[in-house]
Structure formats: C-alpha cells, structure tokens
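1. generate a structure from the sequence data that follows.
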Amino acid sequence: MNIYIHIAKRFLSSVNDTGRFTSIISIVGICIGSFALVISISVLNGFENKLDEKISNFEGHLKISGLNQNYDLTKFRTIESITDLSFSSDRKGIIKNNINEAIVTFKQLDFDKLKSFYNIPFVGDIADDNKLIIGNDIASRMGLSIGDEVVISSPLDQNSIFGFPLTVKTSISGIFFSKILDYDNRYILISNKLGNKIFYNNSNLPSLDVKISDVSKIGVVKAKAANIIDKGNEIHSWRDRNAVLVSAIEAEKLGSIIVLSLIIVVASFSVISTISLITMKKIKDIGVLRLLGMELVNVKKIIIIQTIIIGLKGLLLGLFFGISFVLLQNNYELITLPSEIYAMEVLPMVIVYEDILVVLIINMFFIITAGLISAKKFLRTDPLEMLKWVK
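-> This next block holds a predicted model:
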C-alpha cells in the first residue's frame, strides 16, 4: 500500500469524537448530493424517453417528406433496424357541428396501421374508414362524443369555380388520448379514403413515417436513408422537428445538475473543516514526519488523500442508494403518478453509464478542490513552525 494512503487512513481512523462526527456529516452531505443528482437525472431521462416513445408512436421515429405514394420502398426496407413504413399527410382544416367549430390538423393515414404502426391509444371503433377519430381535448372543447355527426372541410382545397371548399359530412368513430404536448387538442385522424374526398390540392406530398427497432441507432438509420432519397427530399427525426422542446429538456437537465451540485459544494465546505480539524489534531505527527525528511509537497498529498477518502465514501454511498432506488422504482413501481395529469401511471426513471460518469466527475472535482484548499490553508505555515505553538 502506498505510504501516503496508509498515513492518511491512520490519521482518519485515530480522530476523536468531534473529528469523527464532522467526518460523518461530510460523508452524509456528499451522499445526499450524489443521491439527488442520480435521482434527478434519471427522472428527467425517464420523462424524455417516455416523450420519445409516445411521439414516435404517433409520428414514427423518422419522417421523410417529398415522396410520392408510388415510391419504391424496397430500398428502405433493406436498411437494418427499420421495422415498418407508412405514408401519412398533415393538412389544416375545419371541423364543426351544429354549435361549435374549430381549426384543426387532419392527419391522413392508413387506418389498417393505426394499431400496428402508430399505436395511438383510443376508444371506439376503426372498422369504418368513412368516419374519423378525434382528439380527446377537441372532443371535450366542442362537446362531442362517439357517434356524433360533424362536418369537415379543408379551406386550402377548392374544387368549385365559386371558390368554396368541399365539405364532407361524417361522424366520430373513436376518441384518442395520446397526452402528447397539444396533440389531443390539435389533431384529427382520418383515413385515406376520407382524406381523398376533401383534399384536392396535391402540392403537399405525403410523408413517409419510419419506425425503427433500436432508438440508439436512429442517427445511423437517418444517415443511410439520406443516401437513398433524392436531393429534393428531406428526412427529420421528431427531435429535429421539435428542436425548441429538445433544447428546453436539455436546459432543464443542465439546470437541475447545476442546482443539485450546490449540495455537494456545501458538503465540500464541511469536508474542508473536517480535514482542517483532523490535520490540526495531528500536527505533532506531521512535525515528526517533517523531521524525518518528508517534504511539504508530500504532506500536501496526505491531506488531499484524506479528503478523497471522505469524499469517495459519500460518493459511493450516494451512487449505491441512488441506483438502488432507480432499480426498485423500475421493478416495483413505488411512486405512482395521477393519470389525469401525466401521460403515464408510474414515475419513469432511466439511468445510463454516461450519467453515472457525470456524477463522478462533478463529485471528484469538488472533492479534490476541497482537498487542495485544505492543504493550501494548512501549509501556509510550515508544520515545524506550528510545533513551537503546541505546549
């Protein structure tokens, strides 16, 4: 064992009750800070993953625009990780009943793939593709329910010489509740058959929605698909289309890390006090070591090692409790969420190796900084000179 580590351990193990108490307080402080960081990051990761999953179920992982429905999709199916493909089209329109009307976005898609590809939760029946499926918030706002008759139209599509858009009378066969952003208050799902009745303007070509099996490979799949499509076509992931939302999520995660790191900063001041107290108690021992030829730089090493030992105890305990809590939550669903507010029933928590590395780096930075401050503070005066003050 390194002689400096051995000496540092002996100093820490031989302190009195006061030094032991302050050491425990320092360890607990760093443990709480590490635990809070792990939990906060894992919760934010969990919500981000759930948002990723739900938006991908609604729109697909990738969206390729500018393709005709007669486009040969064989080349895309050869790309590894692509599991399914489906054409869809978004168009602004109007829905109204006898009392209310609202501007909405019609999402035209293949109803046969509503469950297999899009996996959008809904109540009702999709057997009749002459009917539509409405968002839950739109239905609540307009007082609509399953079976009610409505009139839909697209002002962008005019098929008469008088400039009036075609209106189609239909009824509601289902109500979906995705709980994604404002989707339930904005989208109405219609079949290709119903969409072809009101959409005459073909300037907006449908988009090809792409589902992949491994989300971690979305960048690779996107690059391969980009090499296949023509220059006039574009390919985007939901993160590309919602750049502001993604930036807000990343900013929230960064803000949480900065704020919770303040717990470790406060704990670091406690470590500095603890190390200063222990070092002062061991001034005679340090003086003896100096008389035996130990240089000040090596005394500094001992002080820093003491700080690292205390810090590592708190860090490892915090990581242990934090990761254990994440595993317990994922396996036993200890914390539930109100389903009427959140789009999930239990608190999602996801922790990855990169996040653990971030917690390690943050802790070690403040721990080593505390050690350097303690050593600098103590070694302003040579321990040999301090021996003269001890009676």
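2. got the residue ranges for the strands in the stretch 101-250 of the chain?
-> Taking DSSP state E, counting those that start in this stretch as the criterion, the stretch 101-250 of the chain carries its strands at 101-109, 122-124, 132-135, 149-158, 165-176, 187-191, 207-212, 234-237.
3. got the confidence number for the residue nearest to Leu109 when sequence neighbours are not counted?
-> Leaving aside its chain neighbours, Leu109 sits nearest to Ser88 (4.2 Å; criterion: Cβ to Cβ, 6 or more residues apart in numbering). The C-beta positions use only the backbone N, C-alpha and C, and glycine is treated the same way. On pLDDT, Ser88 comes in at 92.
4. low-confidence regions, the stretch 251-391 of the chain specifically.
-> Under the criterion pLDDT under 70, the flagged ranges of the stretch 251-391 of the chain are 381-391.
5. ranking the strands of the stretch 101-250 of the chain by burial, who's on top?
-> Neighbour counts (mean count of other Cβ atoms under 10 Å) averaged over each of the strands of the stretch 101-250 of the chain peak at strand 132-135, with a mean of 26.
6. from the contact counts, what lies against that one?
-> Using 3 or more Cβ pairs under 8 Å, 6 or more residues apart in numbering; DSSP states H and E, the elements in contact with strand 132-135 are strand 165-176, strand 187-191.
7. strands paired with the longest one, and their directions?
-> When you say that, I think you mean strand 165-176. Applying DSSP bridges, strand 165-176 is found paired with strand 122-124 (antiparallel), strand 132-135 (parallel), strand 149-158 (antiparallel).
8. and the shortest one, by the same measure?
-> With DSSP bridges as the test, strand 187-191 is paired with strand 101-109 (parallel), strand 132-135 (antiparallel).
9. what about the helices in the stretch 1-150 of the chain?
-> For the stretch 1-150 of the chain, the helices defined by DSSP state H, counting those that start in this stretch cover 3-13, 17-59, 74-77, 136-142.
10. by mean pLDDT, show me the worst of those.
-> What stands lowest among the helices of the stretch 1-150 of the chain, in mean pLDDT terms, is helix 3-13, with a mean of 87.
11. buried stuff in that helix?
-> Within helix 3-13, the residues scored as buried using 16 or more other Cβ atoms under 10 Å are Tyr4, Ile7, Ala8, Phe11, Leu12.
12. kindly report the same for stretch 280-292.
-> Lys282, Asp285, Ile286, Gly287, Leu289, Arg290.
13. the third one contacts Val299, correct?
-> Yes - in terms of Cβ atoms under 8 Å, Ile286 counts as a neighbour of Val299; the distance is 5.9 Å.
14. so who does the nearest residue to Gly195 once chain neighbours are set aside touch?
-> Nearest in space to Gly195, with sequence neighbours left out and distances taken as Cβ to Cβ, 6+ apart, is Gln108 at 3.5 Å. Taking Cβ atoms under 8 Å, 6 or more residues apart in numbering as the contact definition, Gln108 lies against Ser88, Ser89, Asp90, Arg91, Ile190, Ser191, Asn192, Leu194, Gly195, Phe199, Pro206.
15. the last one - how many residues pack around it?
-> Residue neighbour count, defined by other Cβ atoms under 10 Å, stands at 24 for Pro206.
16. tell me how far it lies from Val168.
-> 19 Å (Cβ to Cβ, to the nearest Å).
17. please apply the same query to the fifth one.
-> Distance of Ile190 to Val168, computed by Cβ to Cβ: 9 Å.
18. now list whatever residues contact both of the two.
-> In contact with both Ile190 and Val168: Ile152, using Cβ under 8 Å, 6+ apart.
19. for Ser276, which non-adjacent residue is spatially closest?
-> Ser276 sits nearest to Ser374 (Cβ to Cβ, 6+ apart), 5.8 Å away.
20. and that neighbour, how many neighbours?
-> Around Ser374 there are 24 residues (other Cβ under 10 Å).
21. wait, Asp128 touches Ser173, no?
-> Yes - applying Cβ under 8 Å, one finds Asp128 in contact with Ser173, separated by 5.7 Å.
22. for the one helix or strand Leu262 maps to, buried residues please.
-> Per DSSP states H and E, Leu262 falls inside helix 243-281. For helix 243-281, burial by neighbour count (16+ other Cβ under 10 Å) applies to 246, 249, 253, 256-257, 260-261, 263-264, 267-268, 270-272, 274-279.
23. hmm, back to that, to Asn119, which of the helices of the stretch 1-150 of the chain lies closest?
-> With Cβ to Cβ as the measure, helix 17-59 is the member of the helices of the stretch 1-150 of the chain nearest Asn119 (4.2 Å).
24. now do the closest one: which elements does it pack against?
-> Contacts defined by 3+ Cβ pairs under 8 Å, 6+ apart place helix 17-59 against helix 238-241, helix 243-281, helix 296-332, helix 353-378.
25. could you tell me the angle between the last one and helix 17-59?
-> Yep, that's helix 353-378 we're talking about. 150 degrees (axes from the mean of the first three to the mean of the last three Cα atoms, to 10 degrees).
26. in helix 353-378, what counts as buried?
-> 355-356, 358-359, 362-363, 366-367, 370-371, 373-375, 378.
27. coming back round to it: pLDDT score for the residue nearest to Gly195?
-> Reported pLDDT for Gln108: 92.
28. beta partners of it?
-> Applying DSSP bridges, one finds that Gln108 bridges with Ser89, Ile190.
29. for Thr170, see how far away it is.
-> From Gln108 to Thr170 the distance is 13 Å (Cβ to Cβ).
30. residues that sit against both of the two, list them.
-> By Cβ under 8 Å, 6+ apart, the residues touching both Gln108 and Thr170 are Leu194.
31. make a markdown table out of the strands paired with strand 165-176 and add mean pLDDT and distance to Gly46.
-> Formatted as a markdown table, the strands paired with strand 165-176 follow (pLDDT from 0 to 100; distance: least, Cβ to Cβ, whole Å):
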| stretch | mean pLDDT | distance to Gly46 |
| --- | --- | --- |
| strand 122-124 | 91 | 25 |
| strand 132-135 | 95 | 25 |
| strand 149-158 | 83 | 38 |
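32. just to revisit the earlier point, now the angle between helix 353-378 and the helix holding Leu262, please.
-> Using the same axes, to 10 degrees: helix 243-281 against helix 353-378 is 40 degrees.
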